[in-house]
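Q: my questions are about this predicted structure, shown below with the sequence.
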Amino acid sequence: MSKFKVHTIESAPEASKPMLEASVKAFGMKPNLHAVMAESPAILEAYKTIHEVFSTKTAFNADELTIVWQTINVENGCHYCVPAHTAIAHMMKVSPELTEALRNDNKLVIPKFETLKQTTLAIVRNRGRVSDEQMQEFYDVGYTNQHYLDILVGYAQKIMSNYTNHVAQTEVDPPFEKFEWSK
């Protein structure tokens with residue numbers, strides 16, 4: 001039972017209105033996640049800021065961003081974020097093979113990518129306590145301490161969205177419906 005409101009720009013708290021307007025300008029629509037988060041201007045601003053930072057200031061390319069996002073989304077069983085990030089992956093020109101492997105929790109063909117996936121899973125499952133062996137494998141494929149810390153930025157973003165969607169039962173937006181997903 002969700003008691004969360006999907007805000008319009010008019011119904012949103014004053015501090016959230018400009019952020020929702022920016023979402024409409026950026027996406028051509030008001031994503032339901034943003035409309036739910038608008039209840040708390042703090043989470044909406046934090047989410048949008050962390051999304052921007054993770055997308056543009058980390059050491060990851062489009063494939064790696066998608067691996068981190070979707071690994072967390074799938075692990076957390078987020079019915080909203082998996083389809084949304086599938087659409088985002090298509091816009092970012094991530095290969096359909098990689099996108100589908102992540103959605104289906106399959107082993108990734110490229111060993112470096114599989115290591116990124118497994119390290120991300122270790123962070124999520126073990127609350128940041130990654131074994132020395134896993135970290136050595138991470139380093140051995142070319143990742144660095146910066147990459148490890150950058151995963152945490154993506155994880156912070158996904159905690160906000162996945163957990164909001166779980167409790168709010170956020171409805172998947174029409175443009176993402178064709179990528180519907182369940183665990």
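A: Cool, got the structure. Numbers count the residues shown, from 1 in each chain.
Q: average model confidence for the lengthiest helix in the chain?
A: In the chain, with assignment by DSSP state H, the single longest helix is helix 145-168. On average, the pLDDT along helix 145-168 is 98.
Q: buried residues in it?
A: 147-148, 150-151, 153-155, 157-158, 160-162, 164-165, 168 (16 or more other Cβ atoms under 10 Å). Bear in mind the C-beta positions are built from the backbone N, C-alpha and C, glycine included.
Q: biggest separation within those, which pair?
A: Farthest apart among the buried residues of helix 145-168 by Cβ to Cβ are 147 and 168. That separation is 31.4 Å.
Q: got the contact list for whichever strand or helix holds residue 52?
A: Assigned by DSSP states H and E, residue 52 belongs to helix 41-57. Outside helix 41-57, the residues within contact range by Cβ atoms under 8 Å, 6 or more residues apart in numbering are 13, 15-16, 19-20, 22-23, 34, 37-38, 65, 68, 150, 153-154, 156-157, 160-161, 164.
Q: average pLDDT across that helix?
A: 98.
Q: quick one, it and helix 145-168 angle?
A: 140 degrees (axes from the mean of the first three to the mean of the last three Cα atoms, to 10 degrees).
Q: OK, contacts around residue 128?
A: Counting by Cβ under 8 Å, 6+ apart, residue 128 has contacts residue 152.
Q: do the same with residue 111
A: Residues near residue 111 by Cβ under 8 Å, 6+ apart: residue 141.
Q: and what of residue 9?
A: Taking Cβ under 8 Å, 6+ apart as the test, what residue 9 contacts is 17, 20-21, 24, 30.
Q: hang on, the earlier thing: restricting to C-alpha, output the helix or strand following the helix holding residue 52 in PDB.
A: Downstream of helix 41-57, the next assigned helix or strand under DSSP H and E is helix 62-75. The C-alpha trace of helix 62-75 is given here as PDB (Å, rounded to 0.1, in the frame of the first residue of the first chain):
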ATOM      1  CA  ALA A  62      28.800   4.400 -20.900                       C
ATOM      2  CA  ASP A  63      29.100   0.600 -20.700                       C
ATOM      3  CA  GLU A  64      30.600   0.700 -17.200                       C
ATOM      4  CA  LEU A  65      28.000   3.300 -15.900                       C
ATOM      5  CA  THR A  66      25.300   0.900 -17.200                       C
ATOM      6  CA  ILE A  67      27.000  -2.100 -15.500                       C
ATOM      7  CA  VAL A  68      27.000  -0.400 -12.100                       C
ATOM      8  CA  TRP A  69      23.500   1.000 -12.400                       C
ATOM      9  CA  GLN A  70      21.900  -2.200 -13.700                       C
ATOM     10  CA  THR A  71      23.800  -4.500 -11.400                       C
ATOM     11  CA  ILE A  72      22.400  -2.600  -8.400                       C
ATOM     12  CA  ASN A  73      19.000  -2.300  -9.900                       C
ATOM     13  CA  VAL A  74      18.700  -6.000 -10.600                       C
ATOM     14  CA  GLU A  75      20.200  -7.000  -7.300                       C
END
